[in-house]
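# what follows is a predicted structure for the sequence shown.
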Amino acid sequence: MLAVFAAVLAGCGDQQSALAPKSHASTDIASLFWWMMGISWAGLALVVGMMVFAWRRARRRRTTAGPHEHERVGFAVVIGAGVIFPIVLVAALFVISDIFVIQTTQAPAKSKTRLTIVVTGHQWWWEARYQGTSAVTANEIHIPVRTPVRVEVQTADVIHSFWVPRLNRTIDAMPGRRNAIELYADAVGRYRGQCDEFCGLQHAHMAFYVVADPPNVFRRWLASQAKPATASGPGKAVFMSASCANCHAIRGTSASGPVGPDLTHLQSRTTIGALTLPNTRADLSEWITDSQHVKPGNQMPDMRLHGALLNALLDYLEALK
Ligand SMILES: [Cu+2]
């Protein structure tokens, strides 16, 4: 009962529940789950029913006689209901899941989609590159609504797994290869995703959003993401000299570090640190000076900046629209 309760709770309005599907692929996965759940409960009911039946019969039998005939029936029940029936049932479920669900959750061919996003898992954040454009972003992946998008997943370090439960199954990011999956959203909205393969200390803080936009909003978003940064000011020099530029890229400047997220349009994101903090001035300041406290073990060292330098840097970061 607890399992059912938890499943129902998880299905209620959660932004990251596989039981609140928003695409054809995840709808198939959810209905397969409910079928399996229903059949399992029916199986359990059958077994419990037979146990009760046998227990009652056994009590009655003590007073009557003739055990041999019962033994033969009992043997048939054990073989039929205990061996043949489960094999047939599990085989049927396997075929159903293979034919219907695995097929519909498969990635579409490159020729069938107009948009390919290459997503790279890093310890502990996600990089997204839009093929055919210079747009690069992190942890907040926009897609056009009701459009099949091909996502190719790879890793910069260890094995990660890309999972947006409301949109599709998981897909592993394996060293040395690219796996593909389809992202498709039935409705405009924001869908939370999460790394689904333990990948080290901050695995739990390796979350992301997939934002499904109306097509025209998406086109505008992509065009602005592809542009280089135009911000300037005294903070730019701080950024270039305080070693930020060794790790971060800001397109349109000399900063091209490949270690951390691309910051060209930092202000277009609602969070920093893979959904660890909201993207506000105060949180940016905390992140820069104390990220090892906020997200212990992450690959960005605490930067010893304060006063006027820090303020100038924050002004600059806030101008990266
Ligand atoms: Cu991970």
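Nice, thanks for sending it over.

# got the residues of the stretch 51-200 of the chain near the ion?
Contacts of the stretch 51-200 of the chain with the ion, taken as CB under 5 Å from the ion, map to 160, 195, 199. All C-beta atoms are positioned from the backbone trio N, CA, C, and that covers glycine.

# and of those residues, the nearest to G273?
C195 (13.4 Å; CB to CB).

# show me the contacts for that closest one.
121, 124, 126, 160-163, 203, 206-207 (CB atoms under 8 Å, 6 or more residues apart in numbering).

# again, 10 Å this time
121, 123-126, 159-163, 170, 173, 202-208, 274 (CB atoms under 10 Å, 6 or more residues apart in numbering).

# and the helices in this protein, which stretches?
Per DSSP state H, the chain carries helices over the ranges 2-11, 24-61, 67-79, 85-96, 103-104, 215-226, 234-241, 244-247, 281-294, 307-318.

# what's the least confident stretch among these?
Looking at the helices of the chain, the lowest mean pLDDT belongs to helix 2-11 (a mean of 62).

# will you turn the helices of the chain into a markdown table that also has distance to A18 and mean neighbour count?
A markdown table is the format used below for those (distance: least, CB to CB, whole Å; neighbours: other CB atoms under 10 Å):
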| stretch | distance to A18 | mean neighbour count |
| --- | --- | --- |
| helix 2-11 | 8 | 11 |
| helix 24-61 | 6 | 13 |
| helix 67-79 | 36 | 10 |
| helix 85-96 | 18 | 11 |
| helix 103-104 | 15 | 14 |
| helix 215-226 | 25 | 15 |
| helix 234-241 | 41 | 18 |
| helix 244-247 | 35 | 17 |
| helix 281-294 | 29 | 16 |
| helix 307-318 | 36 | 17 |
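
# D262: which of these is closest?
helix 215-226 (9.4 Å).

# neighbours of H306, how many?
Residues contacting H306 under the criterion other CB atoms under 10 Å number 11.

# same check on G252?
G252: 12 neighbours (other CB under 10 Å).

# quick one, what contacts it?
Contacts of G252 (CB under 10 Å, 6+ apart): 227-231, 264.

# looking at the residues you listed, spot the one nearest L317.
For those, the nearest to L317 is A231 (8.5 Å; CB to CB).

# distance of that closest one from the ion?
Look at A231 and the ion: by CB to the ion, to the nearest Å, they are 31 Å apart.

# for that residue, which non-adjacent residue is spatially closest?
Leaving aside its sequence neighbours, A231 sits nearest to A319 (CB to CB, 6 or more residues apart in numbering; 3.6 Å).

# backbone dihedrals for the one you found, please?
Note on A319: its backbone torsions stand at phi -90, psi 0 [degrees, to the nearest 10].

# what about it, neighbour count?
Around A319 there are 16 residues (other CB under 10 Å).

# ditto for R190
When neighbours are counted by other CB under 10 Å, R190 comes out with 14.

# and it, what does it touch?
Applying CB under 10 Å, 6+ apart, we find R190 in contact with 15, 140, 142, 209-213, 270.

# ok, now with 7 Å
By CB atoms under 7 Å, 6 or more residues apart in numbering, R190 lies in contact with 15, 209, 211.
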